[in-house]
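>>> Below are the sequence and a predicted model; questions follow.
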Amino acid sequence: MELAIKEETYNPVLERNEIIFEAQIDKTLSRADVRKKLAALKNVNESNIVIKYIKQNFGQRTCYGKAHIYKSLDVLKRLEPKYLLERGTKKEEKKEAKKEEQAEAKNSEK
């Protein structure tokens, strides 16, 4: 997979880099693969990257997408919707997170 950054802008109000990328592919991309590749290109931690979307036109071997790279996890968690944070994570991680949330909810009720 060859990933190229087509456009990059810094948003100082939201403290993030907004990246539009394009990739030459042989198979369908996963969000985890794109996060790893962007983290390597921009020299940042994978957990600070949120993939907004990845799109591919039918029959073409090129896909494009948009990602946000945040300076800190606190800003990321405050600004990004919860469903986007859950996308691209493995099902086991999602189950563990739900168990933790349920345990916290039970502890707060007592």
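Arrived safely.
>>> Enumerate the positions of stretch 69-83 that are buried.
Neighbour counts over stretch 69-83 (16 or more other Cβ atoms under 10 Å) mark 69, 70, 76 as buried. Placement of C-beta: from N, CA and C, glycine included.
>>> wouldn't the second one be in contact with residue 16 here?
Yes. With contact defined as Cβ atoms under 8 Å, residue 70 counts as touching residue 16 (4.8 Å).
>>> quick one: common contacting residues for the two?
76, 79 (Cβ atoms under 8 Å, 6 or more residues apart in numbering).
>>> just to revisit the earlier point, quickly name whichever of the buried residues of stretch 69-83 is closest to residue 24.
Of all the buried residues of stretch 69-83, residue 69 has the smallest distance to residue 24: 21.6 Å, by Cβ to Cβ.
>>> For the closest one, which residues are in contact?
Residue 69 touches 16, 17, 19, 38, 42, 44, 48, 49, counting by Cβ under 8 Å, 6+ apart.
>>> Throw the residues you listed into TSV and include neighbour count and secondary structure, thanks.
Listed next are these as TSV, based on neighbours: other Cβ atoms under 10 Å; DSSP: H, G, I helix; E, B strand; the rest coil:
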residue	neighbour count	secondary structure
16	23	strand
17	20	strand
19	21	strand
38	22	helix
42	16	helix
44	15	coil
48	20	helix
49	24	strand
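>>> Centre-most residue in this protein?
Centroid-nearest residue in the chain: residue 50, 2.4 Å away (criterion: Cα atoms, centre = their mean).
>>> ok, residue 4 - contacts?
Counted by Cβ under 8 Å, 6+ apart, residue 4 has contacts 21, 22, 23.
>>> what about the closest residue to the last one other than its chain neighbours, distance to residue 35?
To tie it back to what came earlier, the one meant is residue 23. What sits nearest to residue 23 in space, not counting adjacent residues and going by Cβ to Cβ, 6 or more residues apart in numbering, is residue 3, at 4.7 Å. From residue 3 across to residue 35, the span is 11 Å (Cβ to Cβ, to the nearest Å).
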